[in-house]
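*Asks:* coordinates only, no sequence provided:
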């Protein structure tokens, strides 16, 4: 189940809730019981290393890359 991060506008507390995607926009009360909360945008962590995203990762091969969906090489 995905975790969503929220911030309480009343007390400033930041908290997380696990809930189904269908309920991601439903109101969430903070742990202190305040109802004025906002869902925060969270960064997504992706595994891997920078070495895997070498020069050919963009699909353009050495040099020019691609433009407009077709390779310009």
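*Replies:* It's in. Quick caveat, the model's predicted, so the values are computed rather than measured. Residues are numbered from 1 along each chain as shown.

*Asks:* and residue 4, how many neighbours?
*Replies:* 19 (other Cβ atoms under 10 Å). From N, CA and C alone the C-beta is placed, and that goes for glycine too.

*Asks:* next secondary structure after the helix or strand that it is a member of?
*Replies:* Per DSSP states H and E: residue 4 is located in strand 3-8. Counting by DSSP H and E, the next helix or strand C-terminal to strand 3-8 is strand 14-18.

*Asks:* what helices or strands is that following strand leaning on?
*Replies:* In this structure, strand 14-18 packs against strand 3-8, with contacts taken as 3 or more Cβ pairs under 8 Å, 6 or more residues apart in numbering; DSSP states H and E.

*Asks:* re earlier: within the sheet, what are the partner strands of the strand holding residue 4, with directions?
*Replies:* strand 14-18 (antiparallel), strand 37-39 (antiparallel) (DSSP bridges).
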